[in-house]
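K.L.:
structure for the following, please:
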Amino acid sequence: MKTGTFVVTEADAESAVLRDVSDGQIHTLGSNPDLSVGEAIEATLAAEPPMDVVWTVEEITRRFTVSVEEHDEPPTQQARELAADQPVGEITTRERAGTGEVHVLTVPEESTESAVADVRDDEATVERAARIGVERVEIRSEPGVVSVRYLP
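P.N.:
Numbers count the residues shown, from 1 in each chain. This next block holds a predicted model:
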């Protein structure tokens, strides 16, 4: 048995593949209990005997989808202050009041748009949000600064 949070990386009518957001382990399901690619679940899995390489879902306690969106608004004042104190190429992580996190990245000004695209398209962004237990990721930027807000 394994209980955790998983992101569905592949799914068809017969099976699904899940990635554990805590340890990166891949779990292939012998059947698909109506899961879709990109969906996150908090669940308990059980390995199927005799070889224990295929898994079944014993219980799903939460299902959610993480949305990753770019916003036109600039980073918050706090994010800009954090960025001012760190060298280019660094990242600072802060917990949000309540639930979530804020990640502030400093990048070369000419690379801001590509850094935003990298964050938006990276599977790790969705996995991080699932691990934190939030359903929204908001990306804000201005030249040289990318703020990634993980929000409930």
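
K.L.:
who's in contact with the residue nearest in space to the middle of the chain?
P.N.:
The chain has residue 126 as the residue nearest its centroid, 2.1 Å off, counting by C-alpha atoms, centre = their mean. Under the criterion of C-beta atoms under 8 Å, 6 or more residues apart in numbering, the contact partners of residue 126 comprise 7, 38, 40, 66, 68, 137. In this view, the C-beta of every residue, glycine as well, is placed from N, C-alpha and C.

K.L.:
redo that, cut-off 7 Å
P.N.:
Applying C-beta atoms under 7 Å, 6 or more residues apart in numbering, we find residue 126 in contact with 7, 38, 66, 68.

K.L.:
please check these and keep the buried ones.
P.N.:
When burial is judged by neighbour count using 16 or more other C-beta atoms under 10 Å, the buried members of the contacts of residue 126 are 7, 66, 68.

K.L.:
let's have those in CSV, adding pLDDT and distance to residue 116.
P.N.:
What follows is the buried ones among the contacts of residue 126, written out as CSV (pLDDT from 0 to 100; distance: C-beta to C-beta, whole Å):
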residue, pLDDT, distance to residue 116
7, 97, 21
66, 95, 17
68, 96, 11
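
K.L.:
just those residues: which are in helices?
P.N.:
Using DSSP state H to define helices, no part of the buried ones among the contacts of residue 126 is located there.

K.L.:
return the distance of residue 78 relative to residue 70.
P.N.:
Taken as C-beta to C-beta, to the nearest Å, the spacing of residue 78 relative to residue 70 amounts to 19 Å.

K.L.:
which one of these two has more residues nearby?
P.N.:
Comparing residue 78 with residue 70 by neighbour count (other C-beta atoms under 10 Å), the higher total belongs to residue 70, at 15 against 12.

K.L.:
domain map for the chain?
P.N.:
Per the record's domain assignment (automatic domain parsing), the chain is made up of the domains 2-65, 67-151.

K.L.:
using TSV, lay out the contacts of residue 126 together with distance to residue 87.
P.N.:
Formatted as TSV, the entries for those read as follows, by distance: C-beta to C-beta, whole Å:
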residue	distance to residue 87
7	32
38	34
66	30
68	26
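
K.L.:
quick one: what helix or strand has the residue lying farthest from the centre of the chain in it?
P.N.:
Among the residues of the chain, the one whose C-alpha is farthest from the average of all C-alpha positions is residue 50, by C-alpha atoms, centre = their mean at 33.0 Å. Taking DSSP states H and E as the definition, residue 50 sits outside all helices and strands.
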